[in-house]
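[1] heads up, no residue letters with this:
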């Protein structure tokens, strides 16, 4: 099978690379089995304490994510709605409206699933919860009626809620806008977002605007934007530097782009990734490797891919693990470690349930795998 077919597209304008909350993409079968066990244990306990309810809601959120990764977006949305119905009943029976704080995440997740299904317009209301909180306005989350008076209780139960909702407000709206295929209009949309949001989320908006400019063919403007973007962390700074390399490469400034990319290579291959969470660091590694290949620095790209492989030995991200293997095999098919890489690739592919992985390798999706079916049944039982 062609390594070029197996790998994702070599796009100069990559994904969002700023550090923010991303769950690790573990093997879906074992992840599903683990969540089934947790839901079963939580269901066996009584009474339904706040901690147990929150843990159950967290498992349900991850279950919907697992099912979506397997390629069944409709069932994933159904699980989100089952969770919302369950929380609506609990809030009604107990008279405790603070319970509805657990409804925010599944409501946001429904919006994300709508984006993946191509309905960016229908998704947008799911990402505007920060406005309701700011103005203390009531909001309808499907079957959950969150009154204005409940917002202070929700925030008291989880003080991180405002920041989470503003992050979603910026990142998910921008992702929906970009996925809708309007890179030309995205910079104007980003400017409107910047006026509406607190300063600590502007870094996300900066990155979304840079990606839109790159995808729209405005590399010179993107390069200017990378110079004035305001990173909050070292991981943010790394992300903007990677976009800077992409913009310079698109403009034909190969020497400058290569020099910066080689400097970043020295950082990521010789230091521990303490400046970013592992999911972010691995995505940044992948983008740097692709950029190095584009710039003709294959030897350094190989070093980046092997760094990613080393990390995946202790921190599994199945889709990226496969991409690092394919990158390394493409550049060094006769490497002394290539036999081991092929063995790991075959093992991962033999069990992978990720829809994107299976599609990339020309394999049929398996959203009805027994582990996925059992997980759906466990959520249905917990929500009953």
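    Structure received. Here the structure is a predicted model, which means the values were calculated and not measured.

[2] contacts and neighbour counts: CA atoms only from here.
    Will do.

[3] pLDDT weak spots in the chain?
    For the chain, applying pLDDT under 70 flags the ranges 1-11, 45-47, 183-184, 273.

[4] would you list every one of the strands in it?
    Assigned by DSSP state E, the chain shows strands spanning 139-141, 144-146.

[5] winner for burial among those?
    strand 144-146 (a mean of 21; mean count of other Cα atoms under 10 Å).

[6] Now do that strand: which elements does it pack against?
    Packed against strand 144-146 by the contact rule (3 or more Cα pairs under 8 Å, 6 or more residues apart in numbering; DSSP states H and E) you find helix 73-94, strand 139-141.

[7] Of these, which stretch is the most buried?
    By mean count of other Cα under 10 Å, those have helix 73-94 as the most buried, with a mean of 19.

[8] Help me confirm that residue 59 comes into contact with residue 38.
    Yes. The pair residue 59 / residue 38 is scored as a contact, 7.5 Å apart, by Cα atoms under 8 Å.

[9] So between these two, which is more surrounded?
    Regarding residue 59 and residue 38, a neighbour count based on other Cα atoms under 10 Å identifies residue 59 as having more, with 20 against 16.

[10] give me every residue that touches that one.
    By Cα atoms under 8 Å, 6 or more residues apart in numbering, residue 59 lies in contact with 35, 38, 39.

[11] Next, count neighbours for residue 376.
    Residue 376, neighbours per other Cα under 10 Å, totals 24.

[12] Not counting its neighbours along the chain, what's nearest residue 175?
    residue 208 (7.6 Å; Cα to Cα, 6 or more residues apart in numbering).

[13] ditto for residue 43
    On the basis of Cα to Cα, 6+ apart, the spatially nearest residue to residue 43 that is not a chain neighbour turns out to be residue 382, at 6.5 Å.

[14] Could you list which residues are in contact with that neighbour?
    Residues counted as contacts of residue 382 (Cα under 8 Å, 6+ apart) are 39, 43, 56.

[15] Can you tell me how far it is from residue 63?
    Counting by Cα to Cα, to the nearest Å, the gap from residue 382 to residue 63 is 12 Å.

[16] again with residue 243
    The gap separating residue 243 from residue 63 is 33 Å, by Cα to Cα.

[17] who's more crowded, those two?
    With neighbours defined as other Cα under 10 Å, residue 243 and residue 63 compare such that residue 243 has more, 30 against 26.

[18] Tell me if I'm right that the more buried one and residue 210 touch.
    Yes. Contact between residue 243 and residue 210 holds when scored by Cα under 8 Å: they sit 7.4 Å apart.

[19] Quick check: neighbours shared by those two?
    Listed as contacting both residue 243 and residue 210 by Cα under 8 Å, 6+ apart are 223, 226.

[20] Am I right that the residue nearest to residue 175 is in contact with residue 17?
    No. Residue 208 is beyond contact range of residue 17, at 9.9 Å (criterion: Cα under 8 Å).

[21] Comparing these two, which shows the higher neighbour count?
    Comparing residue 208 with residue 17 by neighbour count (other Cα under 10 Å), the higher total belongs to residue 208, at 28 against 25.

[22] Redo the contacts of residue 382 as TSV? Include distance to residue 231.
    Shown next, in TSV, are the contacts of residue 382 (distance: Cα to Cα, whole Å):
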residue	distance to residue 231
39	39
43	43
56	35
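
[23] Which ones among the residues you listed map onto helices?
    The members of those that map onto helices under DSSP state H are 39, 43, 56.

[24] Most neighbours among those residues, which one is it?
    Going by other Cα under 10 Å, residue 56 tops the ones in helices among the contacts of residue 382 with 24 neighbours.

[25] For that residue, give me its contacts.
    Going by Cα under 8 Å, 6+ apart, residue 56 touches 39, 42, 382.

[26] want to throw the helices and strands packed on strand 144-146 into TSV with distance to residue 22?
    Converted to TSV, those look like this (distance: least, Cα to Cα, whole Å):
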stretch	distance to residue 22
helix 73-94	18
strand 139-141	23
